[in-house]
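Colleague: sequence below, structure please.
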Amino acid sequence: MKKVIACFLFLLLLGTAVLHYLHLDALLWHAWRLNGEAHQHGGLLLNDYRVDVEERAIEGLRDDVSALTYNNETNTLFAVLNGEPLLVELSLEGALLRKLRIDGVQDMEGLTHVSGNRYVVAEERSQRLLVIDVPPQAERIDVSNVPSLVIGLDLNGNKGFEGLSWDDKDKRLLVVKERDPLRVLSVTGFVDALAGGPMAVQIQELTSPGSPRLFMHDLSSLSLHDETGHLLLLSDESHMVVEYAESGEPLSLLGLWRGMSGLQKTVPQAEGLAMDDQRRLYLVSEPNLFYRFVPGR
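Modeller: Numbering: from 1, shown residues only. Sure thing, here's the model as predicted:
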């Protein structure tokens with residue numbers, strides 16, 4: 001009997017250690033804690049989402065897709081590659097529609113659609129933001145002389161700006177810094193500055209670097225849901241998407257591990273996040289994998 005108890009305790013400790021090593025302990029704890037919170041705050045209920053397009057390879061791309069944004073005017077997705085300087089357009093099923101080469105940029109990691117043909121791109125290492133216009137039929141553009149802003153906060157190489165999202169209601173650009181420390185920033189007065197006029201740029205920290213509300217290990221992307229005003233934050237290392245209320249409180253959580261959200265396999269390295277007008281959630285993961293999650297019925 002003692003041997004059975006000892007064996008049980010050993011397996012329990014081993015299982016606990018494995019959960020902690022894989023960060024599943026935090027994921028399961030927060031998923032349980034947040035269950036029901038989104039109902040009370042009119043949230044998106046990410047806990048109820050299920051995958052309906054899983055691990056679809058994006059044919060025709062050689063480098064990894066590193067960002068994603070939804071254009072509600074074309075009803076398509078746009079992404080950038082972190083190797084060859086390309087901006088690509090994708091269907092809502094993950095099919096490659098077109099490629100556009102961008103000259104004058106390095107290390108693109110963030111992308112968001114503003115309106116019309118206007119987008120903002122972020123370079124990770126330099127922390128430079130660029131406002132670019134993408135003509136519908138263009139195959140190549142030079143952005144060497146477009147409006148740009150270098151923030152240069154906590155410069156530490158390959159741990160810089162990872163994601164962007166445009167908040168049309170408050171006319172601000174939301175930016176996430178990957179880690180060391182994690183940061184969520186609001187930038188106003190840049191994207192909508194008048195051509196030739198002075199810039200009145202203001203940068204605000206939305207969450208303190210040590211905030212317990214940012215319980216993820218890193219931040220890979222973000223997307224603001226205009227209808228609710230809620231913010232979605234994606235973590236590659238923690239394998240989760242977390243919904244936050246305007247107050248900054250976490251509301252719901254989408255797990256990206258095998259067996260969660262209907263997934264047959266764990267999402268390997270989630271890098272981009274977007275949501276469309278029907279509240280369908282899109283992810284891209286290295287190397288060039290496409291996912292779509294739909295709200296629970």
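Colleague: for the stretch 51-200 of the chain, what spans make up the strands?
Modeller: For the stretch 51-200 of the chain, the strands defined by DSSP state E, counting those that start in this stretch occupy 65-71, 76-81, 86-90, 96-103, 108-115, 118-123, 128-133, 140-142, 148-150, 161-167, 172-177, 183-188.
Colleague: and the last one, what does it pack against?
Modeller: Right, the one you point to is strand 183-188. When contacts are defined as 3 or more CB pairs under 8 Å, 6 or more residues apart in numbering; DSSP states H and E, strand 183-188 packs onto strand 172-177, strand 202-207. Backbone N, C-alpha and C define where each C-beta goes, glycine included.
Colleague: partners of the last one in the sheet?
Modeller: Using DSSP bridges, the strands paired with strand 202-207 in its sheet are strand 183-188 (antiparallel).
Colleague: pull out the buried positions in the partner strand.
Modeller: For strand 183-188, the neighbour count (16 or more other CB atoms under 10 Å) marks 183-185, 187-188 as buried.
Colleague: pLDDT on stretch 216-234, on average?
Modeller: Averaged across stretch 216-234, pLDDT comes to 93.
Colleague: pick out the shakiest of the helices and strands packed on strand 183-188, pLDDT-wise.
Modeller: Looking at the helices and strands packed on strand 183-188, the bottom one is strand 202-207 with a mean of 87.
Colleague: and that strand with strand 172-177, angle?
Modeller: For strand 202-207 against strand 172-177, the angle by axes from the mean of the first three to the mean of the last three CA atoms, to 10 degrees is 50 degrees.
Colleague: residues making contact with strand 202-207?
Modeller: Contact partners of strand 202-207, identified using CB atoms under 8 Å, 6 or more residues apart in numbering, comprise 151, 174, 182-189, 213-214, 248.
Colleague: show me which helix or strand of this structure is least confident by mean pLDDT.
Modeller: In the chain, the helix or strand scored least confidently by mean pLDDT, DSSP states H and E is helix 2-21, which has a mean of 49.
Colleague: returning to what we had before: ok, so of the buried residues of strand 183-188, who is nearest residue 274?
Modeller: When the buried residues of strand 183-188 are compared for distance to residue 274 (CB to CB), residue 184 wins out at 17.2 Å.
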